[in-house]
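Q: Everything below, folded, please.
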Amino acid sequence: MKAEKLQRVDEIVTALNRKLKIDAETQQTRKLEKEIRKIAKNLINDVSKVEENKIKKELKLFDEELKRQKREMRIAAATRILSGKMPLAR
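A: Residues are numbered from 1 along each chain as shown. Predicted coordinates:
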């Protein structure tokens, strides 16, 4: 995961360097690139947390749906047994 984050940061920094015409040759542009890299890392971390939270939320919803379906299946089976349409397993 860290390699992927670093790659994303590098892509952002490279794109901004090209757009802003920044090179690492002068002291001032080196400082600017360092600041851009720091901001990009924070941005990637924030995006990663949002992605993780979204996945957790989806998993929770999936789990709740699965529990609901199992409950409905148990109720349906009990109803069939009580109505005599399905014999009890012995």
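Q: Mean pLDDT per element in the chain, and the minimum belongs to which helix or strand?
A: Lowest on mean pLDDT, DSSP states H and E among the helices and strands of the chain sits helix 2-20, with a mean of 80.
Q: What's the local residue count around Val9?
A: Residues lying near Val9 (other CB atoms under 10 Å) number 20. All C-beta atoms are positioned from the backbone trio N, CA, C, and that covers glycine.
Q: Roughly how far does it sit from Glu72?
A: Taking CB to CB, to the nearest Å as the measure, Val9 falls 47 Å from Glu72.
Q: likewise Glu58?
A: For Glu58 relative to Glu72 (CB to CB), the value is 21 Å.
Q: which SS state does the residue positioned nearest the centre of the chain fall under?
A: Central residue of the chain (CA atoms, centre = their mean): Glu51, 2.6 Å from the mean position. Taken by DSSP: H, G, I helix; E, B strand; the rest coil, the conformation at Glu51 corresponds to helix.
Q: With Ile44 instead?
A: Assignment for Ile44 (three-state DSSP): helix.
Q: Low-confidence ranges, the protein, go.
A: 1, 23-24, 86-90 (pLDDT under 70).
Q: Just the CA atoms of the least confident helix or strand of the chain, as CSV, please.
A: Extracted in CSV, the C-alpha atoms of helix 2-20 (Å, rounded to 0.1, in the frame of the first residue of the first chain):
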residue,chain,number,x,y,z
LYS,A,2,2.8,2.4,0.8
ALA,A,3,4.4,1.9,-2.6
GLU,A,4,1.1,2.8,-4.2
LYS,A,5,0.8,5.9,-2.1
LEU,A,6,4.3,7.0,-3.0
GLN,A,7,3.6,6.4,-6.6
ARG,A,8,0.5,8.6,-6.4
VAL,A,9,2.5,11.3,-4.6
ASP,A,10,5.2,11.2,-7.3
GLU,A,11,2.6,11.5,-10.0
ILE,A,12,1.0,14.5,-8.4
VAL,A,13,4.4,16.2,-7.8
THR,A,14,5.5,15.5,-11.3
ALA,A,15,2.4,16.9,-12.8
LEU,A,16,2.6,20.0,-10.6
ASN,A,17,6.3,20.5,-11.4
ARG,A,18,5.5,20.4,-15.1
LYS,A,19,2.5,22.7,-14.8
LEU,A,20,4.4,25.2,-12.6
